[in-house]
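Novice: how would this look folded up:
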Amino acid sequence: MSEEIIAKIKQEQSIVENAITVPNLDIEFYRDFLENADFSNPCNYEYIDVAQFIMAYVKSVDSSYSLEKLKPLATNLSYIIKNNPAEALKNLLETVVFLADEEMYPDFLKVIGDDNEIKRSFSLYKIVEQNSMASFLENGLELLSSCHGRLFNLVTEFYESPEAWQFGLSVVYAFKEITERKYFLEDEYRKLKRSYAFDDIAIQKGIQGILVKEFQVEYIEKTCKKITKYYHGLLQKEEKKKRVLHQASSNYQKLSEDIKQAEKEKEITNYRALISKCANTNLRCDVLSWVYHHNEKYYDELESKYQVLSENNPKNYQRLLQQHHMEHEVSLEEVMRSYSYQDLEWIFTVLGQLKITNPELLKSVISTTTKDYVEKVLSFVNQQVLTKKTIRENIDIFDDKKNIISFMETNLSLLQKKKIPANIFIKNQRPLLLSPEQLEKNIEILTSYDLIGQLVTTNNYSFLEQDDLMQKIDYIRVRIRTFFRRKSRLIKL
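Specialist: Take a look at the predicted model:
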C-alpha cells in the first residue's frame, strides 16, 4: 500500500515548507545595519555601530566567518575604539599588523599560550621592542592586553584573514579620525558663530565639505560598498533558495498524487519521473523501494505464467506419459485439457507412492479423477484410515463421479454411531466403501439377529454386500435347525 511512502513524502514536504518560513538571520542583520549606516556623509560616521560594522565588513570579505563567531571580538574592539582616541587605535592596528607578520606570528603563538599573565606580557614586550617603532607598538600592546586578554584573538584572525581585517579596521580608524576632526571643526564653528550669524544646517554642510576634501571619503564609501554588495548577494541566494524550496514542496505534492495514480497500475514504469521529484536522497531510495515491492507482485505473476507456459509444453506432457508407459493409453490433448503439467506430475508421483504403476490402472485414474480428489483420497491414507492395499484393490476410489470417499465418510460416522470400531475392517476395508444405505441396512439386520458381535470373528465381509442378507440368514438358520433335528433323531436310534 502507498500510505507509508506518502506519509514519508508529506513529512519531507512539511520540512521543506517549514524551511521556507525560517528567517535568514544574516539577511536581517545586514538589512538592519545598512538601514542605519550612512557611508556617504562623513558627519554621520560617529553614529555607525562599530561592532556591527566590523561584523558586517569582515564577513562580507570572508564569508567563512559566522556572525556568532565575530560578535565577541567585535564587541570588545568596539569598546576599545569608543573609549580611546584615534591615535591609540592607530597604535593598536600597527601592533596587530606587526604581530601577525609571518616572521613574528610563530613567536607570538609561543608567548600567548603562557597562562602566566605577567610572564606573557613581559615576553610580548620583548618581541615588540625589537622594532624601531617600539614605543608606538608598546602603546598598542597595552590596548591589546586590555579586556582581560580577549583581544589577543584579533592577531590570529588578522593572520588568517588579513584582507578582511586590515581594510575593516582601517575604515574603523578612518571613522574615528574623521569624527574627531568633525568635533574640532564644530568647536571652531561655534566660536565663529559668536561673531557671525551661522545656522546649524549651514555649519553642518560646511563641516561636511571640509571633511570630504581632507579625507578620502569616496574611497571609504567604495570600500563599504562591499557590505552592500554582499547583502544583495545574500538576498539573491535566499530568493533562489526559496524558489527551490517552493518548487520542492510543489514536487512533493505532485509526487504524492502520482504515487496514488501509479498504485492503480500493475507495473510502474515511470520510476525515473517519480524520483526526479525527490530532492532528498533517502526519500528517493524509499520511493524506489516502494516501486520495487509494488512491481514484485506483477513480476511474480509473470514468472508464474511463464513457468506454466514453459511446463505446459506438449513435449513435456509427452515425456511424462512416456516415463509411465502411457503414451498410447491416453489422448495427449485430453490430458492437457484436464491437467496442468505440475498437477499431472504430482498425481503420477502420488500413484507411484501407492505402488500403482500398471498403465491400465494409471489410465483408469487419470481418466476419471482430479487433483483435488486425489488429495482427498491421500488425506485418508495419511490419517491411516485407508490402506494402500485397499486403494490398489479398489482403484475406482479415485473416480470423483462415483464419490466413494463420500460413502466412506458416511459409513465411518455410522460405525461411530453404532459403536462399532472401524479398525475391525483393517484387513478388509471393502465394507467401508459400500453405499451407506446398504451398509446401514445390513448392520441393522445383523443387530436384529444379535450377530453384530460376530463381525470380529471373520475377515470375509462379502455378506455385507448382499441385498438379501435377511433371507440368507433365515435360510441358514433353518438349515441349522434341520441339521440338529436329524442329529437328535440319530442319537435316539
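
Novice: next one: phi and psi at the residue nearest to residue 262 when sequence neighbours are not counted?
Specialist: Once its chain neighbours are removed from consideration, residue 262 has its nearest residue in residue 268; the separation is 4.8 Å (C-beta to C-beta, 6 or more residues apart in numbering). To be clear about C-beta, it is placed using only N, CA and C from the backbone, and glycine gets the same treatment. Backbone dihedrals for residue 268, given as degrees, to the nearest 10, come out at phi -100, psi 120.

Novice: For residue 209, see how far away residue 268 is.
Specialist: For residue 268, the distance to residue 209 (C-beta to C-beta, to the nearest Å) stands at 76 Å.

Novice: So between the two, which is more surrounded?
Specialist: residue 268 (20 against 11; other C-beta atoms under 10 Å).

Novice: Verify the stated contact: that one with residue 291.
Specialist: Yes. Residue 268 sits in contact with residue 291 when judged by C-beta atoms under 8 Å, with a separation of 4.9 Å.

Novice: helix, strand or coil for the spatially most central residue of the chain?
Specialist: Central residue check for the chain by C-alpha atoms, centre = their mean: the C-alpha nearest the mean position is that of residue 286, 4.7 Å away. Secondary structure, DSSP: H, G, I helix; E, B strand; the rest coil: residue 286 is helix.

Novice: My guess is it contacts residue 7. True?
Specialist: No. With contact taken as C-beta under 8 Å, residue 286 and residue 7 are classed as non-touching, separated by 10.5 Å.

Novice: number of nearby residues for residue 46?
Specialist: By other C-beta under 10 Å, 14 other residues sit near residue 46.

Novice: Tell me where the stretch 151-300 of the chain has strands.
Specialist: Assigned strands in the stretch 151-300 of the chain: none (criterion: DSSP state E, counting those that start in this stretch).

Novice: list the contacts for residue 180?
Specialist: Residue 180 makes contacts with 85-86, as judged by C-beta atoms under 8 Å, 6 or more residues apart in numbering.

Novice: how about 10 Å then?
Specialist: 46, 85-87 (C-beta atoms under 10 Å, 6 or more residues apart in numbering).

Novice: Which one of those is nearest to residue 386?
Specialist: Comparing the contacts of residue 180 against residue 386 with C-beta to C-beta places residue 46 closest, at 112.7 Å.

Novice: what about the closest one, distance to residue 366?
Specialist: Note on residue 46: its distance to residue 366, by C-beta to C-beta, is 111 Å.

Novice: Select from the contacts of residue 180 every entry located in helices.
Specialist: If you go by DSSP state H, the contacts of residue 180 have 86-87 in helices.

Novice: out of the contacts of residue 180, which are buried?
Specialist: Buried by 16 or more other C-beta atoms under 10 Å: residue 86, out of these.

Novice: Can you lay out the contacts of residue 180 as CSV showing distance to residue 188?
Specialist: Compiled in CSV, these are given as follows (distance: C-beta to C-beta, whole Å):
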residue, distance to residue 188
46, 17
85, 18
86, 18
87, 20
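
Novice: nearest to residue 243, of the contacts of residue 180?
Specialist: Nearest to residue 243 among those is residue 46, at 40.9 Å by C-beta to C-beta.

Novice: For that closest one, give me its contacts.
Specialist: Residue 46 makes contacts with 175-176, 178-180, 182-183, as judged by C-beta under 10 Å, 6+ apart.

Novice: go with 6 Å
Specialist: For residue 46, the contacting residues are residue 179, taking C-beta atoms under 6 Å, 6 or more residues apart in numbering as the criterion.

Novice: Let me know the distance separating it from residue 180.
Specialist: Relative to residue 180, residue 46 is positioned 9 Å away (criterion: C-beta to C-beta).

Novice: Tell me the spacing between residue 448 and residue 224.
Specialist: 126 Å.

Novice: For the two, indicate the residue with more neighbours.
Specialist: For residue 448 against residue 224, the residue with the higher neighbour count under other C-beta under 10 Å is residue 224, and the figures read 22 against 11.

Novice: Now residue 152: closest residue in space, sequence neighbours ignored.
Specialist: Across the structure, with C-beta to C-beta, 6+ apart as the measure, the residue nearest residue 152 apart from its sequence neighbours is residue 112 (5.5 Å).

Novice: Model confidence for that neighbour, exactly?
Specialist: According to the prediction, residue 112 has pLDDT 73.

Novice: I'd assumed residue 153 was in contact with it.
Specialist: No. Under the criterion of C-beta atoms under 6 Å, residue 112 lies out of contact with residue 153, with a separation of 9.3 Å.

Novice: what's the helix or strand harbouring residue 107 packed up against?
Specialist: Under DSSP states H and E, the secondary-structure element containing residue 107 is helix 105-112. With contacts defined as 3 or more C-beta pairs under 6 Å, 6 or more residues apart in numbering; DSSP states H and E, the packing partners of helix 105-112 are helix 117-128.

Novice: So what's the model's average confidence on the helix it packs on?
Specialist: 67.

Novice: same thing with stretch 143-156?
Specialist: Averaged across stretch 143-156, the pLDDT comes to 76.

Novice: and it, how far from the chain's centre?
Specialist: Stretch 143-156 has its C-alpha centroid displaced from the chain centroid by 51 Å (C-alpha atoms, centre = their mean, to the nearest Å).

Novice: go on, stretch 408-425?
Specialist: 61 Å.

Novice: what do you get for stretch 77-93?
Specialist: The chain centroid and the centroid of stretch 77-93 are separated by 58 Å under C-alpha atoms, centre = their mean.

Novice: show me where pLDDT drops low in the stretch 151-300 of the chain?
Specialist: Along the stretch 151-300 of the chain, segments meeting pLDDT under 70 span 192-199.

Novice: what's the closest non-adjacent residue to residue 96?
Specialist: residue 158 (5.2 Å).

Novice: Name all residues that make contact with the one you found.
Specialist: Contacts here follow C-beta under 6 Å, 6+ apart; on that basis residue 158 touches 96, 100, 165.

Novice: Residue 306 and residue 291, how far apart?
Specialist: Applying C-beta to C-beta, the value for residue 306 to residue 291 is 22 Å.
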